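> Structure of the sequence below:
(one chain, ligands or ions: 1)
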Amino acid sequence: MDAVRPADYARAMADQTFSNVVDGRLVPSASGATYDVIDPTTGAVYAQAPMSGQEDVDRAYAAADRAFETWGRTTPKERATALLRLADAIDARAEELNAVECRDTGKPLALTMSEEMPYASDHFRFFAGACRVMEGRAAGEYMTDMTSFIRREPIGVVGQVTPWNYPLLMMIWKVAPAIAAGNTVVLKPSDTTPASSTLLAEIAQEFLPPGVLNVVCGDRDTGRALVSHPTPQMVAITGSVRAGMEVAGAAATDLKRVHLELGGKAPVIVFDDADLAGAATSIAEAGLFNAGQDCTAATRVLVADGVHDEFVAALAEAAAALKTGMPDDEDTYYGPLNNADQLARVAGMVDRLPDHAEVRTGGTRVGDAGYFYAPTVLSGLRQDDEQIQTEIFGPVMTVQTFADEAEALRFANGVQYGLSSSVWTADHARAMRMSARLDFGVVWINTHIPFVSEMPHGGFKHSGYGKDLSMYGLEDYTRIKHVMSSIG
Ligand SMILES: NCCCC=O
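Presented below is the predicted three-dimensional model:
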């Protein structure tokens with residue numbers, strides 16, 4: 001089969017240097033310091049990014065603060081117009097954005113183009129429309145001779161930190177509602193994946209006034225400077241539970257609003273009346289998409305004990321059929337893990353498998369260059385095992401058994417996370433019973449992993465609080481003010 005190698009991907013293969021985007025300009029870090037960006041398909045350095053320090057963060061927040069003076073007073077129509085034009089530019093440059101994203105992450109070009117890129121412009125279009133129809137409760141006379149009404153206002157300057165698993169989409173999940181609501185933003189992308197974030201910010205400058213969207217690259221210290229800075233009224237992060245707790249702790253010292261989308265450990269509950277063959281295929285795809293580096297990945301399968309053996313065999317077969325490989329190979333379903341530490345983490349989880357558990361397929365690194373790991377299915381694990389309790393964030397699915405609905409719920413809910421879940425059954429009433437009792441912010445029925453702009457994404461428990469996407473996500477970036485007027 002011929003390899004797919006669009007011209008944009010070839011161009012993105014060249015060594016390059018990324019820039020911060022501050023106050024409408026592409027700039028290096030104030031100190032001139034840079035760091036190496038690694039190609040996860042080879043482990044070799046392929047680019048340089050600015051290593052931003054306190055001065056860069058100060059400058060970015062100063063720009064955002066200035067910009068808020070005018071952006072915060074624009075009409076929804078004006079903001080919508082800018083975001084719709086940005087969405088059109090994203091569509092026009094989708095091949096380029098896709099190539100840059102795949103170069104930076106090792107994602108497969110074809111699948112990323114079909115499964116991720118369409119959402120990039122759609123999210124902006126959704127929030128462009130949504131900001132024009134935000135709601136408050138009714139205005140009225142709640143006291144004689146007084147009229148009360150609600151103003152929904154932007155919060156101000158917002159600091160945002162985004163992860164490496166979906167660098168472009170997670171940036172858009174954060175910046176689109178924030179900017180649509182009239183806020184201004186300083187965002188730090190993950191240090192391992194700055195490419196698409198800096199490119200999107202660069203593209204956006206044509207449509208947004210200077211300072212509305214600023215991006216500063218850097219490491220954890222840059223992130224700490226960003227979230228502990230006195231200027232932002234709100235900080236939002238998609239990342240690990242550890243990072244979320246650190247951000248919440250830093251924000252608590254001056255009572256910033258916090259928005260956290262953190263880890264997950266999605267239970268995937270398969271009852272004996274489900275379409276087992278279809279479920280095995282769909283669950284393998286939802287568990288291995290993006291190398292399982294997805295906080296909603298179908299990673300923790302719970303299957304009715306009567307159909308366990310049949311289902312595990314089908315799942316292992318379906319998983320083994322999904323190939324890991326290079327971005328431009330048409331057979332590739334998922335690429336490498338993001339970095340060497342993540343490869344070590346995933347491999348460690350499998351290497352430490354307890355004696356009562358079993359590797360049904362995979363369990364090995366693939367090749368000796370880059371960070372590729374085989375599609376892996378583990379069975380025989382118990383509820384308190386590390387592999388069940390801790391997010392793996394790799395191409396690894398575990399399978400446990402359950403006796404009845406009550407035990408399925410106890411296992412499903414018996415983790416620190418509460419982001420997403422799914423139920424696979426032909427029994428509608430059972431699916432409804434399970435949906436009501438699953439302690440997760442998303443419940444899918446006979447599917448797993450799709451998302452849409454109109455519906456909220458966000459978790460409970462240690463998966464964080466606040467919603468991305470949807471009108472709820474937009475409202476999270478607003479504040480409510482009561483105005484009361486004497487009319488007597
Ligand atoms: N499926 C989208 C998940 C976002 C965070 O990982």
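> Who are the contact partners of the residue in the stretch 101-250 of the chain that the ligand sits nearest to?
Using C-beta to the nearest ligand atom, the closest approach of the stretch 101-250 of the chain to the ligand is made by Asn165 at 5.2 Å. Every residue, glycine included, has its C-beta placed from N, CA and C. If you count contacts by C-beta atoms under 8 Å, 6 or more residues apart in numbering, Asn165 has them with Asn290, Gln293, Asp294, Cys295, Asn338, Phe393.
> rerun that using 10 Å as the cut-off
Taking C-beta atoms under 10 Å, 6 or more residues apart in numbering, we find Asn165 in contact with 105, 107, 190, 193, 238-239, 290-295, 297, 338, 342, 393.
> how about the residues you listed, which pair is most distant?
Greatest spacing in the contacts of Asn165, by C-beta to C-beta: Lys107 and Gly239 (18.8 Å).
> neighbour count winner among the two?
Lys107 (29 against 23; other C-beta atoms under 10 Å).
> Can you check the pLDDT for the nearest residue to the more buried one once chain neighbours are set aside?
Nearest non-adjacent residue to Lys107, counting by C-beta to C-beta, 6 or more residues apart in numbering: Gly335, 5.0 Å away. For Gly335, the pLDDT comes out at 98.
> what do you get for Ile392?
98.
> would it count as being in a helix?
No. Counting by DSSP: H, G, I helix; E, B strand; the rest coil, Ile392 falls outside a helix, being coil.
> Next, find the distance separating the closest residue to it other than its chain neighbours from Trp71.
Leaving out its chain neighbours, the residue that sits closest to Ile392 by C-beta to C-beta, 6+ apart is Met349, at 5.1 Å. Distance of Met349 to Trp71, computed by C-beta to C-beta, to the nearest Å: 45 Å.
> mind listing what whichever residue of the chain sits closest to the ligand touches?
Per C-beta to the nearest ligand atom, Cys295 is where the chain lies closest to the ligand, at 3.7 Å. Residues near Cys295 by C-beta under 10 Å, 6+ apart: 163, 165-166, 170, 238-240, 261-266, 391, 393, 417, 419-420, 457, 459, 463-464.
> does it sit in a helix, a strand or a coil?
Using three-state DSSP, the structure places Cys295 in coil.
> Just the pLDDT for it.
pLDDT at Cys295 comes out at 98.
> gap between the residue nearest to it when sequence neighbours are not counted and Gln160?
With sequence-adjacent residues excluded and distances taken as C-beta to C-beta, 6+ apart, Cys295 is closest to Gly264, at 3.9 Å. Counting by C-beta to C-beta, the gap from Gly264 to Gln160 is 19 Å.
> How about Leu168?
Computed as C-beta to C-beta, the Leu168 to Gln160 distance reads 14 Å.
> if we can go back for a sec, give me the neighbour count for the residue nearest to Lys107.
Gly335: 27 neighbours (other C-beta under 10 Å).
> Pretty sure it sits against Gly292.
No. Taking C-beta atoms under 10 Å as the definition, Gly335 is not a contact partner of Gly292, at 11.4 Å.
> how about the most centrally placed residue in the chain, secondary structure?
For the chain, the residue nearest the mean C-alpha position is Met170 (4.4 Å; C-alpha atoms, centre = their mean). The three-state label given to Met170 by three-state DSSP is helix.
> Contacts only, for Gln233.
Contacts of Gln233 by C-beta under 10 Å, 6+ apart are 68, 154-159, 183, 254-257, 479.
> Pull out the buried residues from stretch 52-71.
52-53, 56-57, 59-68, 71 (16 or more other C-beta atoms under 10 Å).
> Farthest pair within the residues you listed?
Top of the distance list for the buried residues of stretch 52-71 (C-beta to C-beta): Gly53 and Trp71, 26.0 Å.
> so where's the stretch 101-250 of the chain uncertain?
For the stretch 101-250 of the chain, applying pLDDT under 70 flags no range at all.
> Mind jotting down where the strands sit in it?
Remark: strands assigned in the stretch 101-250 of the chain by DSSP state E, counting those that start in this stretch are 140-143, 146-154, 157-161, 184-188, 213-215, 234-238.
> and the fourth one, what other elements does it pack with?
Strand 184-188 sits against strand 20-22, helix 54-71, strand 157-161, helix 167-180, helix 195-204, strand 213-215, helix 220-228, strand 234-238, with contacts defined as 3 or more C-beta pairs under 10 Å, 6 or more residues apart in numbering; DSSP states H and E.
> Format those as TSV; extra columns: distance to the ligand.
Formatted as TSV, these follow (distance: least, C-beta to the nearest ligand atom, whole Å):
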stretch	distance to the ligand
strand 20-22	23
helix 54-71	25
strand 157-161	13
helix 167-180	6
helix 195-204	15
strand 213-215	19
helix 220-228	17
strand 234-238	6
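> now these as CSV including distance to Ser379?
Below are those laid out as CSV (distance: least, C-beta to C-beta, whole Å):
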stretch, distance to Ser379
strand 20-22, 47
helix 54-71, 47
strand 157-161, 36
helix 167-180, 32
helix 195-204, 37
strand 213-215, 44
helix 220-228, 36
strand 234-238, 31
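> Among these, show me which one is buried the most.
strand 213-215 (a mean of 30; mean count of other C-beta atoms under 10 Å).
> Show me how the chain divides into domains.
7-262+463-482, 267-452 (automatic domain parsing).
> what does the protein put close to the ligand?
Selection of the chain residues close to the ligand by C-beta under 6 Å from any ligand atom yields Asn165, Tyr166, Asp294, Cys295, Thr296, Ile449, Phe451.
> and if we set it to 8 Å?
Contact residues, the chain versus the ligand (C-beta under 8 Å from any ligand atom): 163, 165-166, 169-170, 173, 238, 261, 264, 290, 293-297, 449, 451, 457, 468.
> Can you say which helix or strand has the residue nearest to Ile392 in it?
Met349 is part of helix 340-351, with elements assigned from DSSP states H and E.
> Ok, Arg79 next?
Following DSSP H and E, one finds Arg79 within helix 76-92.
> Which positions in that helix come out as buried?
Quick answer for helix 76-92 (16+ other C-beta under 10 Å): Pro76, Arg79, Ala80, Ala82, Leu83, Leu84, Arg85, Leu86, Ala87, Ala89, Ile90, Asp91.
> Also stretch 311-319?
Quick answer for stretch 311-319 (16+ other C-beta under 10 Å): Phe311, Val312, Ala314, Leu315, Ala316, Glu317, Ala318, Ala319.
> Give the rounded mean pLDDT of that stretch.
98.
> who touches that stretch?
268, 270, 272, 274, 276-285, 287-288, 298, 301, 303-304, 307, 333, 358-362, 374-380, 395-397, 399, 401, 424.
> can I get the CA coordinates of it in CSV?
Output of stretch 311-319 as CSV, limited to C-alpha atoms (Å, rounded to 0.1, in the frame of the first residue of the first chain):
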residue,chain,number,x,y,z
PHE,A,311,-16.0,-11.7,25.1
VAL,A,312,-12.3,-11.6,26.1
ALA,A,313,-11.4,-13.7,23.1
ALA,A,314,-13.3,-11.4,20.8
LEU,A,315,-11.9,-8.3,22.4
ALA,A,316,-8.3,-9.6,22.2
GLU,A,317,-8.8,-10.5,18.5
ALA,A,318,-10.3,-7.1,17.7
ALA,A,319,-7.6,-5.3,19.6
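> just how off-centre is it within its chain?
Centroid separation for stretch 311-319 versus its chain: 27 Å, with C-alpha atoms, centre = their mean, to the nearest Å.
> Over to stretch 348-363?
From the chain centre to the centre of stretch 348-363 is a distance of 27 Å (C-alpha atoms, centre = their mean).
> Just the buried residues of that stretch, please?
Quick answer for stretch 348-363 (16+ other C-beta under 10 Å): Met349, Val350, Leu353, Ala357, Val359, Arg360, Thr361, Gly362, Gly363.
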